[in-house]
Each structure stands twice: as structure tokens, then as C-alpha cells.
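> Here is my input, please return the structure:
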Amino acid sequence: MIFHNPGPAWNAAMSPLDQTGVMEHVAYLRQLADKGTLQASGPFIAGGNGGMILTRLGTTEEEAAAIGREDPGVRSGLITFEVKAWMVTIGAL
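Residues are numbered from 1 along each chain as shown. Predicted coordinates for the structure are as follows:
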């Protein structure tokens, strides 16, 4: 999983969708989804800004970190990322 938080370029006075560069971030996520790399993504509803990406099952931590580093939102400083390995123990993806 890749967690996103506001980065140094995030403007707290603006809504998430009005942030400079957010549409490039969204386009990148859509490309990942089209390739089958991204299972799901979205912002957190409660607790302010931030969100997460669930990558396809079997994605390594190194692959997830590369996905995070290549994100235009990360490269511009709009958001930061953190990779956390997650083991599915109940349910199916």
C-alpha cells in the first residue's frame, strides 16, 4: 500500500481538487489503473487530507516505492508517500 500525505507544496487554504498539480497526480493514477498496477485509490474521508493506493497483489515494496517516486504529485512536492507492506489474511482481491 502507498499512503499519501500533503507535501511542502500543498496549500492548506485550497481544496484538494484545486491544488496545483493534482490533476497530473490523478492522470498518473489512472494510467496505473489502466495497466492493472493499481487496484484502488482514493482520499481519506475523515481526518483531513491524505489518501492511499492499493497496488495489485504481488507488488514488491521496491516496486511500490518506484510507483511513489514517479508520481508527478510527489515529484512536485504536492504530496509525500510512504509504502507499507500489507498481508491479506481474510478476503480476496
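> quick one, what contacts residue 88?
Applying Cβ atoms under 8 Å, 6 or more residues apart in numbering, we find residue 88 in contact with residue 57. Using the backbone N, CA and C atoms, a C-beta is placed for each residue, glycine as well.
> Let me know the secondary structure of it.
Here residue 88 takes the coil state, with states given by DSSP: H, G, I helix; E, B strand; the rest coil.
> next one: the one 3 residues further on
State at residue 91, reduced to three classes by three-state DSSP: coil.
> Which pLDDT value goes with it?
pLDDT, residue 91: 79.
> Phi, psi for it please.
phi 100, psi 180 (degrees, to the nearest 10).
> Also residue 54?
Backbone torsions for residue 54, taken as degrees, to the nearest 10, come to phi -100, psi 110.
> Which positions in the longest helix along the chain come out as buried?
Criterion DSSP state H: the longest helix present in the chain is helix 22-35. Using 16 or more other Cβ atoms under 10 Å as the test for burial, helix 22-35 gives 22, 25, 28, 29, 32.
> Make a markdown table out of these and add pLDDT and distance to residue 73.
A markdown table is the format used below for the buried residues of helix 22-35 (pLDDT from 0 to 100; distance: Cβ to Cβ, whole Å):
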| residue | pLDDT | distance to residue 73 |
| --- | --- | --- |
| 22 | 94 | 7 |
| 25 | 97 | 3 |
| 28 | 97 | 7 |
| 29 | 96 | 9 |
| 32 | 96 | 12 |
